[in-house]
Structure formats: C-alpha cells, structure tokens
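J.: Compute the structure for the input listed below.
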Amino acid sequence: MTISEFLAPHHYTLLMTPPSGANGQPGNPITAFLPLVLIALIFYFLIYRPQKKRQKDREALVKQVEKGDKVITSSGIHGTIAQVEDATILLQVSDNTKIRVEKSAINTVNPKNTEKAAEKTA
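T.: Numbers count the residues shown, from 1 in each chain. I've put the predicted structure just below:
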C-alpha cells in the first residue's frame, strides 16, 4: 500500500465515524461513569478513611496526656511532661531544663502507668 492509497478519502471517513454500541445504539451512560465511581471508592477506602482514623487516634492520644508521661515530640525531643495546659505542655528535658511545646507537636506518648507495669514484669 502506498502513501497515496492510504491517504484516500474513504480512510478518513472510517477514522471519523463515532463508535457505536450494539445495533448502532449509543452505549449506556452508566458504564461511562463506572470507572470514575470505582476510582472514587478506591480513593475513599485506601486513602481517606485510614487517614481519618489515624487522625482521630492521634487526637485522642494528645487529649489523654498527663503530668509524668514520657513523650517524644515530632522534632525528636524526648522528655517528661511537667505541666499540661489547654494547647501547650511544659516538657522537662533534663534536671534544670523545661521547654514549652504545643500539644500538636507530641508524636509518641509513653504513659507513666505502663512503664511501672513493664518494670514489674521484667
């Protein structure tokens, strides 16, 4: 087949014809949106829902901190809680050093009761 035969007008008409369903009927519009719905469901169950659960767990963890708990902040500072306020905590990092940090900066909490229980079992 030469280029001139390929560029013949009847080939253009085949390329420009719209796709047709069975018997020349248009396809079902629900099937056109089905992939989008499936992508949205996958996004919800694999990304959004687990992230919301982690966020709720972290908020509950931050609300339950109390004086004497050992914590690690998101910046990596280890210390013991000396005082709890509404939005901040006073964190004792050494004998004479206390710093004030936001509660939202708390990353890990080791409650004081669990350490005593771990020492008794060891």
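J.: Distance-wise, check Gln92 relative to Lys98.
T.: For Gln92, the distance to Lys98 (CB to CB, to the nearest Å) stands at 5 Å. (Each C-beta comes from the backbone N, C-alpha and C, glycine too.)
J.: Spell out which residues are contacts of both of those two.
T.: Ala82 (CB atoms under 8 Å, 6 or more residues apart in numbering).
J.: In the chain, what helix or strand scores lowest on average pLDDT?
T.: Least confident helix or strand, the chain: helix 112-121 with a mean of 55, by mean pLDDT, DSSP states H and E.
J.: okay, Pro35: pLDDT?
T.: In this model, Pro35 is scored at 89, pLDDT.
J.: Quick check: which element contains it?
T.: helix 29-43 (DSSP states H and E).
J.: Counting by contacts, list what the helix or strand following that helix packs against.
T.: Downstream of helix 29-43, the first helix or strand assigned by DSSP H and E is helix 49-63. Judged by 3 or more CB pairs under 8 Å, 6 or more residues apart in numbering; DSSP states H and E, helix 49-63 is in contact with strand 106-110.
J.: No further questions, thank you.
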